[in-house]
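I would like to see how this sequence folds:
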Amino acid sequence: MTLFNILKKVPIFKNLNDKDLKEIEKIFFKKTCVKNEHIFSETDEGDRFYIVVEGQIKIYKISSSGQVKTFDYLSDGDFFGEMALLEKNKRSAYALALEDTRLYVITHINFQKFLISKPRILLTISKTLSARLRNADKEIEMFAFHKVKDRLVMCLVAEADRQKTVKGGKDIEIGITHQELSELVGTAREVISRNLKELKEEKLIKIKNSNIIIPTLSKLRNKLTD
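The predicted structure is shown next:
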């Protein structure tokens with residue numbers, strides 16, 4: 001897929017006309033990362049915005065006690081580092097390539113030069129950033145008011161909605177490990193395993209070869225309203 005077609009699907013740019021997209025396409029450059037390479041670390045200067053062309057990126061933090069908290073797993077077509085388009089601040093998390101990954105990158109200074117001639121684009125970006133902040137607020141609420149099992153269900157539903165990896169019929173296979181889930185939910189791996197077992201006994205999920213399969217997503221989603 002060409003960069004032009006990728007940009008059409010990125011929320012920040014998808015409402016731009018073809019002429020604007022072709023102009024902004026010119027100021028991106030390619031970057032390749034190998035597995036386990038950090039794209040940036042916490043406190044690095046945030047001066048670049050990234051689009052994942054192919055591969056997988058993990059966005060996470062490490063607490064003072066050494067505990068890993070994962071915020072997201074990003075794959076083809078996802079983007080990150082968008083705050084760098086508007087301001088240059090220190091990064092608030094780490095970005096790690098979980099496999100060999102290809103990215104398109106734009107620098108803060110080049111985007112600012114582009115905005116001088118296209119100030120209306122700021123409105124589109126502001127709307128997208130507001131949506132991202134609302135999602136962050138939801139995550140804060142999730143950790144403040146919900147039990148581990150509820151947080152786990154929320155993560156499974158969110159991953160199912162995002163991945164849309166259907167393996168025949170209604171079954172949705174979640175491409176995520178128990179360890180990754182523990183980092184997303186913010187608890188120990190053993191606790192995740194115990195709660196997954198309970199969800200399996202409730203017939204809300206199936207586990208096959210260590211893979212989590214959701215037979216009927218609506219039933220799992222309804223678990224949140226019980």
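
Which SSE is immediately downstream of the lowest-mean-pLDDT helix or strand in the chain?
Ranked by mean pLDDT, DSSP states H and E, the weakest helix or strand in the chain is helix 121-145, scoring a mean of 67. Counting by DSSP states H and E, the next helix or strand C-terminal to helix 121-145 is helix 148-163.

Identify the residues contacting stretch 58-77?
Residues from elsewhere that reach stretch 58-77, judged by Cβ atoms under 8 Å, 6 or more residues apart in numbering: 6, 9-10, 42, 51-57, 80, 92-96, 98, 139, 176, 180, 183-184, 186. In this view, the C-beta of every residue, glycine as well, is placed from N, C-alpha and C.

Sitting in helices, which of these do you find?
Of the contacts of stretch 58-77, the ones assigned to helices by DSSP state H are 6, 9, 139, 180, 183-184.

As a markdown table, those with distance to Lys206 would be great.
As requested, the ones in helices among the contacts of stretch 58-77 are exported to a markdown table (distance: Cβ to Cβ, whole Å):
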| residue | distance to Lys206 |
| --- | --- |
| Ile6 | 34 |
| Lys9 | 32 |
| Glu139 | 27 |
| Glu180 | 18 |
| Glu183 | 23 |
| Leu184 | 20 |
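
What about these, which one has the most neighbours?
Leu184 (24 neighbours; other Cβ atoms under 10 Å).

and the gap between that residue and Thr124?
Computed as Cβ to Cβ, to the nearest Å, the Leu184 to Thr124 distance reads 29 Å.

same check, this time on Val191
Counting by Cβ to Cβ, the gap from Val191 to Thr124 is 41 Å.

can you check Gly186 too?
Taking Cβ to Cβ, one finds Gly186 at 33 Å from Thr124.

Who has more neighbours out of those two?
A count of neighbours by other Cβ under 10 Å puts Gly186 above the other of Gly186 and Thr124, at 18 against 15.

Surely that one is in contact with Lys147?
No. Gly186 is not in contact with Lys147 according to Cβ atoms under 8 Å; the separation is 11.8 Å.

can you give me the strands in this structure?
Along the chain, counting by DSSP state E, strands occupy 29-33, 38-40, 48-54, 57-62, 68-74, 79-80, 94-97, 101-107, 172-174, 206-208, 211-214.

Most remote residue from the middle of the protein, which is it?
Ser117 (30.4 Å; Cα atoms, centre = their mean).

follow-up on the earlier one: quick one: which of the ones in helices among the contacts of stretch 58-77 is nearest Thr107?
The shortest gap between Thr107 and any of the ones in helices among the contacts of stretch 58-77 belongs to Ile6, at 17.8 Å (Cβ to Cβ).

What residues of stretch 183-192 count as buried?
Neighbour-count burial for stretch 183-192 flags 183-187, 191-192 (criterion: 16 or more other Cβ atoms under 10 Å).
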